[in-house]
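**Student:** coordinates only, sequence not included:
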């Protein structure tokens with residue numbers, strides 16, 4: 001692909017202004033649109049992202065507006081997509097790669113973990129690689145293995161990568177712009193099961209600099225419930241159900257898995273004395289294990305119960321008919337909360 005003909009078309013419609021209720025997918029679309037409009041060095045790359053607009057239509061209309069040299073339909077070769085993006089980043093561009101489904105990221109795993117994540121360190125800071133890799137992940141869409149997986153911990157384990165995941169349309173709109181603007185390589189995990197949920201988004205709000213910090217999305221006093229991405233809504237529903245029974249749950253949205261905001265979680269656990277972590281990925285060696293280890297170290301004398309984890313099971317992702325038994329549910333989360341309170 002040529003790196004000398006990526007200028008934006010002259011005429012571009014403005015991003016709609018004001019607060020609007022839009023879907024998660026549309027929020028990412030508008031965030032990408034603003035990033036493309038703000039910097040003609042920003043490029044989108046991926047399989048079927050142009051004319052088709054992606055399998056989830058997240059990039060719908062962007063190729064028509066910005067042209068095929070800035071919204072590039074690539075061959076079906078994830079390693080080639082990421083390898084090309086690395087070269088473009090070294091030449092001053094800001095590539096945003098789409099991996100069509102979570103399970104398709106593994107052909108690019110070598111490029112991501114041995115090249116993209118290491119070049120800044122290897123060059124003693126002389127080189128930066130502002131590459132964003134968008135990965136629709138998680139279940140809830142009635143698909144099978146390779147289409148419903150949660151591989152985020154594999155990348156959080158790799159030094160040199162930012163690993164982030166929004167949980168609402170407002171976060172998706174802001175965080176995708178922040179990811180594109182970041183000088184670091186960013187793994188941007190999008191909870192595809194939430195793509196069609198709507199929320200209020202202030203399209204005039206500045207993107208800010210919020211890729212690192214966790215957020216308390218519901219205050220509580222009895223138990224700290226830590227979630228991210230697709231399970232934040234599950235956690236909030238669990239807290240609402242528990243409140244009707246007299247239990248006050250504080251819900252924290254991690255937002256970033258690497259770097260992990262231990263301070264926000266620890267401060268909450270020091271108030272509540274209890275912690276439950278929920279994610280769709282298998283519990284074994286998952287993000288919950290890291291959170292549990294850090295909270296045990298930071299809050300040992302405040303804990304009134306062990307840190308408990310709720311997540312997927314240590315099996316390949318199941319067929320659609322039984323995926324709801326595999327994914328964390330409100331009942332499973334509340335069972336963990338009850339076990340924590342029973343100590």
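**Tutor:** Cool, got the structure. Predicted, not measured: the structure shown is a model, and the values here were computed from it. Numbers count the residues shown, from 1 in each chain.

**Student:** So which residues of the chain form helices?
**Tutor:** For the chain, the helices defined by DSSP state H cover 24-38, 62-66, 78-90, 109-110, 119-122, 152-156, 169-181, 231-244, 262-272, 287-299, 323-326, 330-342.

**Student:** Most tightly packed of those helices?
**Tutor:** helix 169-181 (a mean of 25; mean count of other Cβ atoms under 10 Å). (C-beta placed from N, C-alpha, C; glycine too.)

**Student:** what residues does that one touch?
**Tutor:** 22-24, 26-28, 30-32, 34-35, 39, 42, 94, 96, 130, 132, 134, 162, 164, 166, 186, 188, 190, 197-203, 205, 207-211, 255 (Cβ atoms under 8 Å, 6 or more residues apart in numbering).

**Student:** Got a PyMOL select line for the buried ones in these?
**Tutor:** Burial among the contacts of helix 169-181 is assessed by 16 or more other Cβ atoms under 10 Å; the matching PyMOL selection reads:
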select buried, resi 22+23+24+26+27+28+30+31+32+34+35+42+94+96+130+132+134+162+164+166+186+188+190+199+201+203+207+211+255
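
**Student:** Can you list which of the contacts of helix 169-181 are found in strands?
**Tutor:** The strands, defined by DSSP state E, take in 22-23, 42, 94, 96, 132, 134, 162, 164, 186, 188, 190, 198-202 from those.

**Student:** before we move on, back to that, out of the helices of the chain, which is closest to residue 100?
**Tutor:** Evaluated with Cβ to Cβ, the helices of the chain place helix 78-90 nearest to residue 100, the distance being 8.4 Å.

**Student:** distance between stretch 249-260 and the chain's centre?
**Tutor:** Mean-position distance between stretch 249-260 and its chain equals 11 Å (Cα atoms, centre = their mean, to the nearest Å).

**Student:** and the end-to-end length of that stretch?
**Tutor:** Stretch 249-260 has an end-to-end distance of 21 Å (Cα to Cα, to the nearest Å).

**Student:** Let me see the mean pLDDT of it.
**Tutor:** In this model, stretch 249-260 has an average pLDDT of 97.

**Student:** again with stretch 82-99
**Tutor:** Taken as a whole, stretch 82-99 carries a mean pLDDT of 97.

**Student:** And that stretch, end to end?
**Tutor:** End-to-end distance of stretch 82-99 (Cα to Cα): 9 Å.

**Student:** what sits up against that stretch?
**Tutor:** With Cβ under 8 Å, 6+ apart as the test, stretch 82-99 has contacts from 1, 3, 6, 32, 35, 39, 41-47, 49, 54, 58-59, 74, 78, 81, 105, 108, 111-112, 115-116, 119, 127-136, 180.

**Student:** Drop anything exposed from those.
**Tutor:** By 16+ other Cβ under 10 Å, the contacts of stretch 82-99 give 6, 32, 35, 41-47, 49, 54, 58-59, 74, 78, 81, 105, 108, 111-112, 116, 119, 128-136, 180 as buried.

**Student:** pLDDT score for residue 13?
**Tutor:** 56.

**Student:** ok, now residue 4?
**Tutor:** pLDDT for residue 4: 37.

**Student:** now do the one 4 residues further on
**Tutor:** With respect to pLDDT, residue 8 scores 42.

**Student:** Show me the shaky parts of this protein.
**Tutor:** Applying pLDDT under 70 to the chain flags residues 1-16, 208-209.

**Student:** In it, where's the longest strand?
**Tutor:** Scanning the chain for the strand with the most residues, using DSSP E, yields strand 275-282.

**Student:** what's the spacing between that strand and its chain's center?
**Tutor:** Computed by Cα atoms, centre = their mean, the chain-centroid distance of strand 275-282 equals 15 Å.

**Student:** Equivalent analysis for stretch 128-144, please.
**Tutor:** On Cα atoms, centre = their mean, the centre of stretch 128-144 falls 7 Å from the chain's centre.

**Student:** Also stretch 33-50?
**Tutor:** Centre-to-centre, stretch 33-50 and its host chain are 18 Å apart (Cα atoms, centre = their mean).

**Student:** and the end-to-end length of it?
**Tutor:** Start-to-end span of stretch 33-50 (Cα to Cα) is 13 Å.

**Student:** So what touches that stretch?
**Tutor:** Defining contact as Cβ under 8 Å, 6+ apart, one finds that stretch 33-50 is touched by 6-8, 12, 15, 32, 54-55, 58-59, 62-63, 65-66, 68, 70-76, 81, 84-85, 88, 92-100, 134, 176-177, 180-181.

**Student:** Alright, I will stop here.
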